[in-house]
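[1] compute the structure for the input listed below.
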Amino acid sequence: MYYINEYKEGDKFTGIYLCKSKQILKTKAGKTYYSLILQDKTGVIDAKIWELNNGIADFDSMDFVMTDGMVTSFQGARQVNIRRLRKAEEGEYDPAEYIPSSKYDIEEMYRELCGIIATIKEPHLKQLTENTFLKDAAFIKEFKVHSAAKSVHHGFVGGLLQHTLAVTRLCDFMAANYPVLDRDRTEDSGGAWFSNDSGFGAASLYLVSSRRTGVWISEKACSGRGDCFEFCRQYRCQARDHHGNL
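    Sure thing, here's the model as predicted:
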């Protein structure tokens with residue numbers, strides 16, 4: 001597969017891409033044409049279909065389409081002039097090739113996060129993080145591929161894991177270099193705790209509090225009464241302070 005970020009002016013443009021948007025427009029002369037945004041995991045490119053002939057089959061936005069055209073330039077930006085197009089059939093493409101994803105290896109990031117979790121000593125926080133990030137298979141599966149946000153930051157496959165690991169590393173650095181901090185109950189700028197030795201708590205509680213399922217996760221991980229229940233109750237207050245009412 002030839003990726004969108006590899007094309008340059010003058011290249012033949014052929015292959016299957018995701019039609020992210022389709023607009024039916026008219027030229028100044030009143031002639032109908034299609035304006036498209038095509039996407040793969042490396043980015044997007046503007047495309048035009050000027051001639052609506054038999055070589056252009058029916059298709060809609062969010063369809064995977066087989067294209068045949070030429071890369072040109074318009075106002076300094078790449079643009080594709082498409083001559084032929086059809087809707088791609090299932091089995092002709094891998095959807096994962098068309099969704100932006102982290103440039104870092106997801107399994108390597110997850111292993112690093114697991115290694116940090118293993119260093120946590122505060123018992124309640126250790127229980128919460130292990131039950132959620134090491135033992136909950138359904139959560140782990142989604143956590144590895146979910147984006148951190150829709151568009152503001154880390155809006156790609158693996159974005160949530162990448163962002164969480166970045167926050168974790170930052171908290172770990174701060175905890176190691178500022179011994180004046182009460183490392184069991186220190187708040188980061190996001191309003192979440194980090195643990196005594198690793199700093200992972202800030203990232204993990206930030207992650208959990210950023211999801212509307214945060215209260216459910218804390219109750220599941222630390223069920224019952226006693227110290228753990230009180231820890232989770234305090235966590236939920238922190239989560240509300242950081243992200244609003246859950």
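[2] so what's I49 up against?
    Y33, Y34, L36, I56, I82, L85 (CB atoms under 8 Å, 6 or more residues apart in numbering). To be clear about C-beta, it is placed using only N, CA and C from the backbone, and glycine gets the same treatment.
[3] among these, which ones are buried?
    Y34, L36, I56, I82, L85 (16 or more other CB atoms under 10 Å).
[4] which pair of those residues spans the longest distance?
    Spanning the widest gap among the buried ones among the contacts of I49 are L36 and I56, at 11.0 Å by CB to CB.
[5] overlap in contacts, those two.
    The contact sets of L36 and I56 overlap at I49, I82 (CB under 8 Å, 6+ apart).
[6] that older thread, got the buried ones among the contacts of I49 as CSV, with secondary structure, distance to T42 and pLDDT columns?
    Converted to CSV, the buried ones among the contacts of I49 look like this (DSSP: H, G, I helix; E, B strand; the rest coil; distance: CB to CB, whole Å; pLDDT from 0 to 100):
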residue, secondary structure, distance to T42, pLDDT
Y34, strand, 23, 98
L36, strand, 17, 98
I56, strand, 25, 97
I82, strand, 19, 98
L85, strand, 20, 98
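[7] separation between the most centrally placed residue in the chain and S102?
    Central residue of the chain (CA atoms, centre = their mean): S147, 2.1 Å from the mean position. Computed as CB to CB, to the nearest Å, the S147 to S102 distance reads 9 Å.
[8] so for the two, which residues contact both of them?
    Both S147 and S102 are in contact with F156, V157, G159, where contact means CB under 8 Å, 6+ apart.
[9] between these, which sits nearest S21?
    F156 (18.3 Å).
[10] what's the neighbour count on the nearest residue to that closest one once chain neighbours are set aside?
    Leaving out its chain neighbours, the residue that sits closest to F156 by CB to CB, 6 or more residues apart in numbering is P100, at 4.0 Å. By other CB atoms under 10 Å, 17 other residues sit near P100.
[11] now do the lengthiest strand in the chain, average pLDDT.
    The strand that spans the most residues within the chain, counting by DSSP state E, is strand 12-26. Strand 12-26 comes out with an average pLDDT of 97.
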